[in-house]
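Asks: got a structure for you, letters missing:
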C-alpha cells in the first residue's frame, strides 16, 4: 500500500498505552499502522515531525452551540463553518451541532442549513449529526433555555420533526414529562440517542426512562435534580440515578466552573473514564474576548455576559452555556479532576465515539480507523489538527 503521510517522533496515545517516539502511517484518510519505530518511507510520503509532542485521536464534542462569534441557530451556513473551523483549531475533529429551544419554523430552517453546511465543510471539524436540546424540558430546570418554548412531547409534533430530517443524532429531554417514555421509545427505535437534560425527574422516573431506552445524561450536574424533600420524605433525583446505574453515560462541562474541582474528582472516581464524555456546551463567545454576547440566534437569542471564563445570564442567576474549547477541557480535567493525560484524552475521544456508536471508525489511533488526529504539547496547546488524513489547522 502507498503511504500518503507519516507522523513521526510523537508520543502516540493509543487505547492501551502511550508509544514514545512512535509513528502513525496514513493512507486514503485511514490509519494503516501504528509503530514503535520509523519504517523506510518513500520520497512521496508527507512527513509530519511531531518533535516529541503528543499525537492523540481527534477530540469529539457531543454538545456545542457555537464558537468564534457564530451559533448554529444563526440560520446560515457561514455560521456552521465558522464554528467548525474554530473548534478544529482547538483539537476537535468531530462535533454535534446543538440547537436551543425555539419555534418549529426555526428548527426546520436549521435542518436545511445543516445539510448545506455538511456539503460545504472542507476545513473544519466534521459534523456528526444534530443534537436537539429541547423543547421538551422542565420549566423548573430551564437554565438559559427560553421558557416560552417549553412544552410536553406530543406524538403529532415530534413525529413531524423526526420525519423532516434523518440528521438527528441525539435528543435531550426531561423524562418526567407526560408522554416522555413513549417519545424515548420512538427515539430508541430510530437509533437516536435519548438523553435526560433540564430535568426535575425523580430516581424512579429516571429508572422508567432508562428501561424505555434513555441511556445518557446531558451536562451532568447542570440543570438536573438531586435529593429533594416532599412532605418530609426524601426523594433521590437524576444525579443519584446517574451514579447508581452503571450503564448510564454522562457528559460533563469540564471547564472547572460548571463542575468544580471537587465534583470533577467525584464523578471521575465513581463513573470512570469509560462512561464520561467531556463536552464544551460552548456558545458563540467561545474563542472570543469576554464581554456581552448572545446565546442562540442573533435575531431572537438571549443576551448574556461572559466573565470569569464562563457565560452567565445578565442577572448572573445562572450559567448560559460555556466558552470552553476541547483543549481547555482536557487541560482542566487533568489539573482539577485528578486524572491522567491518557484518561483525559479517552474522555474526549474514545468514550464520546462509543456513546454515539461511531467507535468503529472514530475516537482511537488504531489500524483501520479514520485518520482524525491532533498533535499537542505538554500544555495541551494544539499544534496540528488532521481530519481524514488532511491537515485543517496548523499553529
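Replies: Done, it's in. Everything quoted here is computed from the prediction, not taken from an experiment.

Asks: CA only for contacts and neighbour counts going forward, please
Replies: Noted.

Asks: list the contacts for the nearest residue to residue 343 once chain neighbours are set aside?
Replies: Leaving aside its sequence neighbours, residue 343 sits nearest to residue 273 (C-alpha to C-alpha, 6 or more residues apart in numbering; 6.3 Å). Shown in contact with residue 273 (C-alpha atoms under 8 Å, 6 or more residues apart in numbering): 343, 344, 346, 347, 351.

Asks: now tabulate those residues in JSON lines and tack on secondary structure, distance to residue 209 and pLDDT.
Replies: JSON lines is the format used below for the contacts of residue 273 (DSSP: H, G, I helix; E, B strand; the rest coil; distance: C-alpha to C-alpha, whole Å; pLDDT from 0 to 100):
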{"residue": "343", "secondary structure": "helix", "distance to residue 209": "29", "pLDDT": "98"}
{"residue": "344", "secondary structure": "helix", "distance to residue 209": "29", "pLDDT": "98"}
{"residue": "346", "secondary structure": "helix", "distance to residue 209": "27", "pLDDT": "98"}
{"residue": "347", "secondary structure": "helix", "distance to residue 209": "25", "pLDDT": "98"}
{"residue": "351", "secondary structure": "helix", "distance to residue 209": "22", "pLDDT": "98"}
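
Asks: what residue lies at the spatial centre of the chain?
Replies: Central residue of the chain (C-alpha atoms, centre = their mean): residue 62, 2.1 Å from the mean position.

Asks: most surrounded residue in the contacts of residue 273?
Replies: Neighbour counts for the contacts of residue 273, by other C-alpha atoms under 10 Å, peak at residue 347, which reaches 29 neighbours.

Asks: residue 278 is in contact with that residue, correct?
Replies: Yes - in this structure residue 347 lies within contact range of residue 278 using C-alpha atoms under 8 Å: 5.7 Å.

Asks: rewinding a little: list the contacts for the residue nearest to the centre of the chain?
Replies: Residue 62 sits next to 95, 96, 131, 277, 279, 352 when contact means C-alpha under 8 Å, 6+ apart.

Asks: possible to save the residues you listed as TSV with secondary structure and neighbour count?
Replies: TSV is the format used below for those (DSSP: H, G, I helix; E, B strand; the rest coil; neighbours: other C-alpha atoms under 10 Å):
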residue	secondary structure	neighbour count
95	strand	26
96	strand	23
131	strand	26
277	strand	29
279	coil	30
352	helix	29
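
Asks: now the nearest residue to residue 214 once chain neighbours are set aside, which residues is it bridged with?
Replies: What sits nearest to residue 214 in space, not counting adjacent residues and going by C-alpha to C-alpha, 6+ apart, is residue 194, at 4.9 Å. Beta-bridge pairing for residue 194 (DSSP bridges): residue 171.

Asks: for the one 5 residues further on, same thing?
Replies: Bridge pairing for residue 199 (DSSP bridges) gives the partners residue 224.

Asks: what's the pLDDT at it?
Replies: Note for residue 199: predicted pLDDT of 98.

Asks: neighbours of it, how many?
Replies: Applying other C-alpha under 10 Å, we find 28 other residues in the vicinity of residue 199.

Asks: my guess is it contacts residue 172. True?
Replies: No - using C-alpha under 8 Å, residue 199 is not in contact with residue 172, being 9.6 Å away.

Asks: check which helix or strand covers residue 8.
Replies: Assigned by DSSP states H and E, residue 8 belongs to strand 5-13.

Asks: against which helices or strands is the one helix or strand residue 385 maps to packed?
Replies: Secondary structure assignment for residue 385, by DSSP H and E: strand 382-387. Applying 3 or more C-alpha pairs under 8 Å, 6 or more residues apart in numbering; DSSP states H and E, one finds that strand 382-387 contacts strand 92-97, strand 373-376, strand 390-394.

Asks: quick one, phi psi at residue 261?
Replies: phi -50, psi -40 (degrees, to the nearest 10).

Asks: separation between the residue nearest to residue 343 and residue 342?
Replies: Distance of residue 273 to residue 342, given as C-alpha to C-alpha, to the nearest Å: 10 Å.

Asks: just residue 194 next, same as before
Replies: Separation of residue 194 from residue 342 (C-alpha to C-alpha) stands at 28 Å.

Asks: of these two, who's got more company?
Replies: Neighbour count, other C-alpha under 10 Å: between residue 194 and residue 342, residue 194 has more, with 28 against 18.

Asks: residues touching residue 206, list them.
Replies: 175, 176, 237, 238, 241.

Asks: next, the buried residues of the longest helix along the chain.
Replies: For the chain, the helix with the greatest residue count under DSSP state H is helix 104-120. Burial within helix 104-120, assessed by neighbour count using 16 or more other C-alpha atoms under 10 Å, is assigned to 107, 110, 111, 113, 114, 117, 118.

Asks: so who does the second one touch?
Replies: The one in question is residue 110. Residue 110 makes contact with 72, 73, 75, according to C-alpha under 8 Å, 6+ apart.

Asks: TSV for those residues, including distance to residue 329?
Replies: Formatted as TSV, these follow (distance: C-alpha to C-alpha, whole Å):
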residue	distance to residue 329
72	21
73	24
75	28
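
Asks: nearest to residue 367 among the residues you listed?
Replies: Closest approach between the contacts of residue 110 and residue 367, by C-alpha to C-alpha: residue 72, at 33.8 Å.

Asks: gap between that closest one and residue 297?
Replies: Residue 72 is 8 Å from residue 297, by C-alpha to C-alpha.

Asks: just residue 206 next, same as before
Replies: Going from residue 206 to residue 297 by C-alpha to C-alpha gives 32 Å.

Asks: let me see the ranges of the helices in the chain.
Replies: Using DSSP H, helices in the chain cover 77-88, 104-120, 155-164, 180-189, 203-212, 238-244, 261-271, 326-337, 341-348, 350-355.

Asks: which one of these lies closest to residue 285?
Replies: Closest to residue 285 of these is helix 77-88 (C-alpha to C-alpha; 10.4 Å).

Asks: related to what we said a few turns ago, name the nearest of the contacts of residue 110 relative to residue 159.
Replies: Distances from residue 159 to these, taken by C-alpha to C-alpha, are shortest for residue 73, at 21.5 Å.

Asks: nearest residue to that closest one in space, please, no chain neighbours.
Replies: Of all residues not flanking residue 73 in the chain, residue 297 sits nearest, at 4.7 Å (C-alpha to C-alpha, 6+ apart).
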